[in-house]
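In: Sequence and predicted structure below; questions after.
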Amino acid sequence: MNLKQFLALPEEHFIDAESATKLNLDLSTKTISDIPTEKRALVSEYLLNALNMNSVESNIKPALDNLLTELQNV
């Protein structure tokens, strides 16, 4: 799953572990400008949950932390 697919999901959805891993990898390459303004809260919430659940690979965690910080500071 990539960012575009994630943003197209219905409000209530389930993301399996494989899709989450792919989404995390895709998000690790994104900046705040890649995320539509109206979807930033959704991505921020996802990242917060993923990082809090320690379900992020250690090699991409810094990039996701940075993106979350950017999203929270707008």
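Out: Done, it's in.
In: residue ranges of the helices in this protein, please?
Out: With DSSP state H as the criterion, the chain has helices at 3-7, 17-27, 40-52, 61-72.
In: now for the first one, which elements pack on it?
Out: For helix 3-7, the helices and strands in contact under the criterion 3 or more CB pairs under 8 Å, 6 or more residues apart in numbering; DSSP states H and E are helix 17-27, helix 40-52. For glycine as for every other residue, the C-beta is placed from the backbone atoms N, C-alpha and C.
In: Output these in JSON lines; the columns should cover mean neighbour count, distance to S33 and mean pLDDT.
Out: Output for the helices and strands packed on helix 3-7, formatted as JSON lines (neighbours: other CB atoms under 10 Å; distance: least, CB to CB, whole Å; pLDDT from 0 to 100):
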{"stretch": "helix 17-27", "mean neighbour count": "16", "distance to S33": "13", "mean pLDDT": "97"}
{"stretch": "helix 40-52", "mean neighbour count": "16", "distance to S33": "11", "mean pLDDT": "96"}
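In: Redo the ones you listed as CSV? Include distance to Q72.
Out: Output for these, formatted as CSV (distance: least, CB to CB, whole Å):
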stretch, distance to Q72
helix 17-27, 15
helix 40-52, 6
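In: K4: which of those helices is closest?
Out: Among those, the nearest to K4 by CB to CB is helix 17-27 (8.8 Å).
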